[in-house]
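Undergrad: quick one: sequence plus predicted model below, questions after.
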Amino acid sequence: MIDGRTQLVGLIGWPVEHSLSPVMHNAAFAALKIDWCYLPLPVPPQRVEAAVSGLAALGFRGANVTIPYKRAIFSALSSLSPHAEALGAVNTLLIEQGDDPTTIGENTDVAGFLAALQGAGFAIAGTRVLVVGAGGAARAVTYALVENGACEVVILSRSIKRAQELVEQFSGKGQRARLRAAALNGPNLVSVSKDSDLLVNATPVGMWPNAGRSIWSLEIPIPSRLTVFDLVYNPQQTRLLKQARNSGARAISGLEMLIQQGACSFSLWTDRQAPIDVMREACVQHFASLVAFTQERSGKR
Ligand code: NAP
């Protein structure tokens, strides 16, 4: 029930209608019986600065930020956390209200990625990692890996230039990791994987509605010693993760990272521990209802 005391948070992006964040956060608020509400806030291009000022004026505690504003929002903020500054991307705003409100930009994707790996029992220190893709998610993952003691990170991308940019950004900053970029193709994927401990898919390949696709050839088994982390979270069980399990490899769903980054934002805003199991269940139920809806529409039920 929303009333005059309800504390608001939300999601700034364009578009925002497919986001899982309202489902996940509102379930968490309900479970903790706190009078908070999470709203989708579609912000058209060129209005992002006005939207951020508006959040502060309307008494919001904060917001998540998604595509295309993770960087464009910088000029509207009072300050950036060290993670957000190092990555050049913000996914969470924390607003300190008062006579002169301040809006701080944070990035919880790094903590979300690390928490998901930790939850699966994977320790990064001293490992060799293959990252596929060189966009915003790959940047957060590479940063998390080099900051946490990976000894090698190889970035495979169809745009080798973007992969090289990531290597340059994170090389030689006092970390022990060796970084290398190469072209994304079948032979490179297989040969680098042979010497890797962790494979991270940071491309949208396999994402709904192209859930039948995978970065890994269906004919070749995935090495069983690999841990495979697919950042794609819709569907929860991607083709790549099924291939990993079928080969005996450990598989981690992008849904875990999504939930964990949401949990970090939740704690920043509320100063409470997030009810992770409730958030996970809300996402899983939401996916189940979407699948049922799609099947109903296509006449399969
Ligand atoms: P992005 O900035 O647009 O980068 C996408 C990357 O994937 C680029 O390197 C792109 O290569 C590559 N790519 C796109 N289509 C490809 C294809 N068909 N074959 C090979 N490479 C392809 O996107 P992003 O923000 O990094 O997101 C990447 C994925 O991670 C998305 O599925 C997103 O939903 C997921 N993600 C998940 C979480 C989570 O919490 N689980 C968080 C962030 C992102 P080019 O440069 O050549 O186009």
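TA: Looks like it came in fine. Being a predicted model, the structure only gives us computed values, none of them experimental. Numbers count the residues shown, from 1 in each chain.
Undergrad: for the chain, what are the low-confidence residue spans?
TA: By pLDDT under 70, the low-scoring segments of the chain are 173-175, 300-301.
Undergrad: please enumerate the strands of it.
TA: Under the criterion DSSP state E, the chain carries strands at the ranges 7-13, 36-42, 62-65, 79-80, 92-96, 102-106, 128-132, 152-157, 178-183, 198-201, 227-230, 250-253.
Undergrad: the last one pairs with which strands, and in what direction?
TA: In the sheet containing strand 250-253, its partner strands are strand 227-230 (parallel), by DSSP bridges.
Undergrad: which outside residues touch the partner strand?
TA: Judged by C-beta atoms under 8 Å, 6 or more residues apart in numbering, the contacts made with strand 227-230 from elsewhere in the structure are 116-117, 120, 122, 197-201, 206, 222, 238, 240-241, 243-244, 249-254, 257. Bear in mind the C-beta positions are built from the backbone N, C-alpha and C, glycine included.
Undergrad: got it, and stretch 151-165?
TA: Here stretch 151-165 has contacts from 126-135, 138, 142, 145-146, 166-167, 170, 176-185, 188-189, 192, 196, using C-beta under 8 Å, 6+ apart.
Undergrad: now with 6 Å, please.
TA: Residues external to stretch 151-165 that are found in contact with it (C-beta atoms under 6 Å, 6 or more residues apart in numbering): 126, 128-132, 134, 142, 145, 166, 177-184, 188, 192.
Undergrad: and the residue lying closest to residue 90 once chain neighbours are set aside, what are its bridge partners?
TA: Using C-beta to C-beta, 6 or more residues apart in numbering and skipping the chain neighbours, the partner closest in space to residue 90 is residue 105 (3.7 Å). When bridges are called by DSSP bridges, residue 105 pairs up with residue 80, residue 93.
Undergrad: measure residue 105 to residue 61 for me?
TA: When distances are taken as C-beta to C-beta, to the nearest Å, residue 105 and residue 61 turn out to be 15 Å apart.
Undergrad: hmm, back to that, buried members of the contacts of stretch 151-165 into ChimeraX, please.
TA: Remark: buried members of those, expressed as a ChimeraX selection using 16 or more other C-beta atoms under 10 Å:
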select :128,129,130,131,132,134,142,145,166,177,179,181,182,184,192
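Undergrad: out of the contacts of stretch 151-165, which are close to the ligand?
TA: The subset of the contacts of stretch 151-165 within reach of the ligand, counting by C-beta under 6 Å from any ligand atom, consists of 134, 184.
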